[in-house]
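> Predicted model, plus sequence, below.
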Amino acid sequence: MEQEPKKNLLPNMGLKWSDKDHHFVGYSIAGITTSLVYENGGMVFDIGQGVPFHMGKQHYFITHGHSDHAGGLAYVLSQRSLWSQPPAQIYCLPHYIENFRKILDIWQEIEGYQFKYQLHPLSPGETVAIGKDFLPESEFRKSLRRGVSRAGSMFAK
């Protein structure tokens, strides 16, 4: 009996989808890695293990400190610095700032050069002014749900 080939659940460049004129790329495998990029705004929501589609983005929002959501932070900042990209803006809950800074300081010491970044505390309910012409939050959530639904159907038998 011939076996069906396994489907690649972690493509090299993430799963891409669009909703109207808004473009996303990302993936989530519970407990392993989670990351979502909103291409229109150059925003990354969680960084997972750090992969190529994170490079060149300006704003990184870390929802919490688990390694499957934030483990690639040092890698991405290192690569951005090597490529002489402008400082990344990292937003996270206030109680993570000190520990993220410690981790990044250690990696900078190991690698022998300074990463370019700024850490910003962001509490629940606070907003960040990034630019214009982005989706309102309710529309953003709808676009994500539609994209996740389509991505899920790609892997369903």
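Okay, I see it. Numbering: from 1, shown residues only.
> Pull the distance from the longest strand along the chain to the chain's centre.
Taking DSSP state E as the criterion, the chain has its longest strand at strand 22-29. Distance of strand 22-29 from its chain centroid, counting by Cα atoms, centre = their mean, to the nearest Å, is 9 Å.
> same deal with stretch 31-47?
Using Cα atoms, centre = their mean, the offset of stretch 31-47 from its chain centre is 3 Å.
> The longest strand of the chain pairs with which strands?
Strand pairing for strand 22-29, using DSSP bridges, gives strand 15-19 (antiparallel), strand 33-38 (antiparallel).
> Can you name the residues in contact with the longest one?
Okay, so that is strand 33-38. 10, 14, 22-28, 43-49, 51, 53-54, 57, 68-69, 71-72, 134, 140, 144 (Cβ atoms under 8 Å, 6 or more residues apart in numbering). Bear in mind the C-beta positions are built from the backbone N, C-alpha and C, glycine included.
> what about A74, how many neighbours?
Counted by other Cβ atoms under 10 Å, the residues lying close to A74 total 22.
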